[in-house]
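K.L.:
Sequence plus predicted model, see below.
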Amino acid sequence: MIKITVGIPTRGVLFAETVQSSLNNPELKSSSFHIIQNRTLPDAHNECIRQALKTDCTHILFVEDDMVIPKGAINKMITMAEQGARYIAVDYGFVKNGQGVECIYEYEGEILWTGLGCTMIDRDIFEKDLAREAPNWLTDEYELTYTDNPKTAIPQKKKRPYGGYDIFLGYQLRLKGIKLHRVEGFRCKHLRMASLDRKLSNEGLYEIEVIT
């Protein structure tokens, strides 16, 4: 039986739509939740894992604080997990070099890495397969370098100013023969706030954008 613990890493701001699609999601009604706040990345994600491993969950679901999970995606992830998938990601858009791109990087029919915005992972991956990395399973201390073929990427010790820990996780899992899966036909909304201005007006609303 699949038993999910949801980890929501946030540096302090959690979108209302994220709450509605996670804590208030009927597909997650029997799940436990851990909101990890005011920690830097990727330590917030690592703390999600630490807290989840204290429970009897079978899988950890990362829901980052700017994600909106599409209806039906969690049930699909559960079905895939029951069929043996150990790492399951839902796509979302992000901006790279001014262009909107997928968060799931696929090459020659194989997923090499994904963003962690909405990702369900078998707890044994952290508890057993990556046990040597505990309690800091995710790290931004490495950067993958390659020329033409990303499958030949080599990690180099280099502190990343932003991101990179999800890419390095994918690299580690591929080395261990763990296949990464995507939920076909689903895509999360990725929210971004244009400004945190308090809008001192009853008519004022925060300016929230969707990255596609």
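P.N.:
Perfect, I can see it now. Numbers count the residues shown, from 1 in each chain.

K.L.:
Quick check: Gln99 vs Arg174, distance?
P.N.:
Distance from Gln99 to Arg174, counting by C-beta to C-beta, to the nearest Å: 26 Å. In this view, the C-beta of every residue, glycine as well, is placed from N, C-alpha and C.

K.L.:
Those two: who's more crowded?
P.N.:
More crowded of Gln99 and Arg174, by other C-beta atoms under 10 Å: Arg174, with 17 against 8.

K.L.:
got a list of what the closest residue to the more buried one other than its chain neighbours touches?
P.N.:
For Arg174, ignoring the flanking residues on the chain, the nearest one in space by C-beta to C-beta, 6 or more residues apart in numbering is Leu112 at 6.6 Å. Residues near Leu112 by C-beta atoms under 8 Å, 6 or more residues apart in numbering: Tyr105, Glu106, Pro150, Lys151, Gly170, Tyr171, Arg174, Leu180.

K.L.:
Quick check: phi and psi on the fourth one?
P.N.:
Pointing back at Lys151 there. phi -70, psi -20 (degrees, to the nearest 10).

K.L.:
isn't it right up against Glu108?
P.N.:
Yes - between Lys151 and Glu108 there is a contact under C-beta atoms under 8 Å: 7.4 Å.

K.L.:
out of those two, which sits in the busier spot?
P.N.:
More crowded of Lys151 and Glu108, by other C-beta under 10 Å: Lys151, with 11 against 8.

K.L.:
So which residues make contact with the lowest-mean-pLDDT helix or strand in the chain?
P.N.:
Every helix and strand in the chain was compared by mean pLDDT, DSSP states H and E; the lowest is strand 99-102, with a mean of 82. Applying C-beta under 8 Å, 6+ apart, the contact partners of strand 99-102 are Asp91, Tyr92, Gly93, Phe94, Val95, Ile211, Thr212.

K.L.:
Would you quantify the distance from the fourth one to Glu47?
P.N.:
I take that to be Phe94. Taken as C-beta to C-beta, the span from Phe94 to Glu47 is 23 Å.

K.L.:
what's the helix or strand for the residue nearest to Arg174?
P.N.:
Assessed by DSSP states H and E, Leu112 sits inside strand 110-114.

K.L.:
Quick one: list the elements packing against the next helix-or-strand element following that strand.
P.N.:
Per DSSP H and E, the first helix or strand lying C-terminal to strand 110-114 is strand 118-122. Counting contacts by 3 or more C-beta pairs under 8 Å, 6 or more residues apart in numbering; DSSP states H and E, strand 118-122 packs against strand 59-63, helix 73-82, strand 87-96.

K.L.:
residues in contact with the first one?
P.N.:
The reference is to strand 59-63. Residues contacting strand 59-63 (C-beta under 8 Å, 6+ apart): 2-9, 18, 21-22, 28, 31, 45, 48-49, 52, 69, 74, 77, 81, 116-123, 126.

K.L.:
Walk me through which strands that strand pairs with, and which way each runs.
P.N.:
Taking DSSP bridges as the criterion, strand 59-63 forms sheet pairs with strand 4-10 (parallel), strand 118-122 (antiparallel).

K.L.:
ok now that strand, how far from the chain's centre?
P.N.:
8 Å (C-alpha atoms, centre = their mean, to the nearest Å).
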